[in-house]
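# got a predicted structure plus its sequence, pasted below:
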Amino acid sequence: MSEAVIRTATTSPALLASLDPLLREWLPRQRWFAGKGRPVTGFSLVAATELLPVDGRLGLYHLLVRAHQPMTSGDCYQLLIGVREALPPHLAPALIGHMEEGPLAGRTVYEALYDPRPAEVLLEALRAQARIGGLRFERDPGQEIRPGLVPRMVTAEQSNSSVVYGDTFILKLLRRIVPGVNPDLELPLALAREGCPRVPAPTGWLHADLDGESYVLGVLQPFVQGAADGWELALRELAKGEDFTAEARALGRATAEVHTALARALPSVTLGAAQLQPLVDGMTERLEAAVQAVPSLRPYAPGLHSAFTALADLAAEGRTWTAQRVHGDLHLGQCLRSPAGQWSLIDFEGEPSKPLAERRMPQPPARDVAGMLRSFDYAALSADPPMPGWAHACRAAYCSGYAEIAGADPRTDPVLLRAYETDKAIYEVVYEARHRPDWLPVPMAAIERYATSDLI
Ligand SMILES: Nc1ncnc2c1ncn2[C@@H]1O[C@H](COP(=O)(O)OP(=O)(O)O)[C@@H](O)[C@H]1O
Ligand SMILES: O=P(O)(O)O[C@H]1O[C@H](CO)[C@@H](O[C@H]2O[C@H](CO)[C@@H](O)[C@H](O)[C@H]2O)[C@H](O)[C@H]1O
């Protein structure tokens, strides 16, 4: 443990005041910034912790900062801010800006995760189970964290930010943070207790304790070396015109293994008409909000809504469903295949835009199945030319694989599956409109189909 890491925390509103103009420009440009499309009107400091002395050659602040935006109470973001006299050329992409005034006047501030030394500090703190100011670093005593693992920041598009250490561990730092139990730590820990091999077991985690509330800030887990994610693999096979059904079946089996382990680990509930209604109401409300956000959805709204009423009608006839903890945002990009051909599921955060309480609610496992089925559709429609038959075959193979482990084929409940696929496609339309407008036609094609076709 370096001496620098155990320096005490300092909070400095003056620091934030001088960072304010730089953050206003920089933060909204980050992929993980959740408040896109609305101006940032200011910042308030939730916590500041000095992890490396800022009066040295290389300083490091851990900041929790609330970004104020119109019509919301403002989201809280986790930032790691490096401070140097000047930025070496290889760190140019990390630049946030030059400080004109305040305690750091004349210095350069930058996204510290790109820089090996600040990234090392975080791993050292996890190894040492450090407590620094309000930050609490913890680890599984049964797993060793070797010193000296070389860090590199993951540059892929992400909702959060990750650093890989020596191809041995990956640390995911959550960007928009909320108080409470975070499923991205809760579910992998529960699965590890069940001995489920389909999810990397958390090695370490860090929290912030603020005003009597705990925030999960990050999770360290073993890095699956040489892995390819399901999305990359699917696109590769599509480009070659190759069949993907064997992998789709294996993915169905892996999903069912995770579901059965979650059902053992955490409570399940039975959903009758009364308990299903809030789920159906949620789907309807999301449809209404989506129509407001993306007006091109409007003509399809009645057709889409009928998928939700069909589900409520089944419940009114006395049908019941079992709900349990699920992944919550399952798609091909959340599935990693090791070079030995084993699939793992990652990223149990759920849909980041939803409140934590909603993300932690038990749901029918069809929710995840629908996410994966949508993903095969996404892949097939992204191919040039689009290959809807490929998606159809993968969807069938995935459901068969799922049934081999779970004992029930999701296709035997088409009304439930259709409702969840519709809900997911609506989510995707909003997500793409906000983050990747060029992709909007992909979920819109599904919307058109779901709004106008009968169940298949
Ligand atoms: N255990 C792991 N082993 C190897 N790569 C991983 C692992 N966990 C995550 N990754 C890589 O990091 C990326 C981002 O991880 P993810 O948990 O999906 O973050 P986010 O919530 O920011 O999208 C993944 O797409 C994957 O490529
Ligand atoms: O991985 P994240 O937790 O950041 O998930 C978000 O981003 C995903 C895109 O990166 C988005 O997924 C959608 O696009 C995928 C292809 O890029 C596709 O496989 C998925 O089926 C589709 O939903 C996801 O919805 C969003 O939450």
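Looks like it came in fine. Predicted, not measured: the structure shown is a model, and the values here were computed from it. Residues are numbered from 1 along each chain as shown. Ligands and ions are numbered 1, 2, ... in the order given.

# switch to C-alpha atoms for all contacts and neighbour counts from now on
OK.

# run a quick neighbour tally on Glu237.
Per other C-alpha atoms under 10 Å, the neighbour tally for Glu237 reads 12.

# stretch 158-173: which residues count as buried?
159-165, 167-173 (16 or more other C-alpha atoms under 10 Å).

# please apply the same query to stretch 424-444.
Buried, per 16+ other C-alpha under 10 Å, within stretch 424-444: 424-435, 439-440, 442-444.

# ok, is it in contact with ligand 2 or not?
Yes: Stretch 424-444 is in contact with ligand 2 by C-alpha under 6 Å from any ligand atom, via Glu428.

# does whichever residue of the stretch 351-456 of the chain sits closest to ligand 1 count as helix, strand or coil?
Proximity of the stretch 351-456 of the chain to ligand 1 (C-alpha to the nearest ligand atom) peaks at Pro352, 8.2 Å away. What DSSP: H, G, I helix; E, B strand; the rest coil gives for Pro352 is coil.

# residue contacts, it?
Not one residue lies near Pro352 by C-alpha atoms under 8 Å, 6 or more residues apart in numbering.

# for ligand 2, what's the nearest residue on the stretch 101-250 of the chain?
Ser159 (4.3 Å).

# please, where are all the helices along this protein?
13-26, 116-127, 183-193, 230-239, 245-265, 273-293, 301-316, 356-359, 366-382, 388-406, 414-435, 441-452 (DSSP state H).

# save those as a markdown table, and put in mean pLDDT and distance to Cys76 too.
A markdown table is the format used below for the helices of the chain (pLDDT from 0 to 100; distance: least, C-alpha to C-alpha, whole Å):
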| stretch | mean pLDDT | distance to Cys76 |
| --- | --- | --- |
| helix 13-26 | 87 | 13 |
| helix 116-127 | 96 | 20 |
| helix 183-193 | 98 | 17 |
| helix 230-239 | 97 | 30 |
| helix 245-265 | 98 | 30 |
| helix 273-293 | 96 | 23 |
| helix 301-316 | 97 | 33 |
| helix 356-359 | 93 | 14 |
| helix 366-382 | 97 | 28 |
| helix 388-406 | 97 | 38 |
| helix 414-435 | 95 | 19 |
| helix 441-452 | 95 | 30 |
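
# and among those, the most buried is which?
Across the helices of the chain, averaging neighbours per residue (mean count of other C-alpha atoms under 10 Å) puts helix 366-382 on top, at a mean of 24.

# what residues does the stretch 301-450 of the chain put near ligand 1?
The stretch 301-450 of the chain has residues 333-334, 346-347 near ligand 1, with proximity defined as C-alpha under 6 Å from any ligand atom.

# one more time with 8 Å, if that's ok
Contact residues (C-alpha under 8 Å from any ligand atom) of the stretch 301-450 of the chain with ligand 1: 333-334, 336, 346-349.

# in strands, which of those fall?
Leu336 (DSSP state E).

# the residues of the stretch 301-450 of the chain next to ligand 1 also near ligand 2: which ones?
Within these, those near ligand 2 by C-alpha under 8 Å from any ligand atom are 333-334, 347, 349.

# which one of the buried residues of stretch 158-173 is nearest Val216?
Comparing the buried residues of stretch 158-173 against Val216 with C-alpha to C-alpha places Leu173 closest, at 9.1 Å.

# next up, the contacts around the closest one.
Residues near Leu173 by C-alpha under 8 Å, 6+ apart: 78, 160-162, 217-219.

# same thing but 10 Å
Going by C-alpha atoms under 10 Å, 6 or more residues apart in numbering, Leu173 touches 78-80, 113, 159-163, 205-206, 216-220.

# tell me what it is bridged to.
Beta bridges link Leu173 to Ser161, Gly218, judged by DSSP bridges.

# and the gap between it and Phe308?
Distance of Leu173 to Phe308, given as C-alpha to C-alpha, to the nearest Å: 36 Å.

# what does Leu19 give?
For Leu19, the distance to Phe308 - C-alpha to C-alpha - is 47 Å.

# next, the distance between the ends of stretch 374-391.
9 Å.

# near Ala156, how many residues? Count them for me, please.
Quick note: Ala156 (other C-alpha under 10 Å) scores 8 neighbours.

# err, Gly318, not the other one
Neighbour number of Gly318 under other C-alpha under 10 Å is 9.

# distance of it from Pro364?
Gly318 is 16 Å from Pro364, by C-alpha to C-alpha.

# with Thr322 instead?
If you go by C-alpha to C-alpha, the gap between Thr322 and Pro364 works out to 6 Å.
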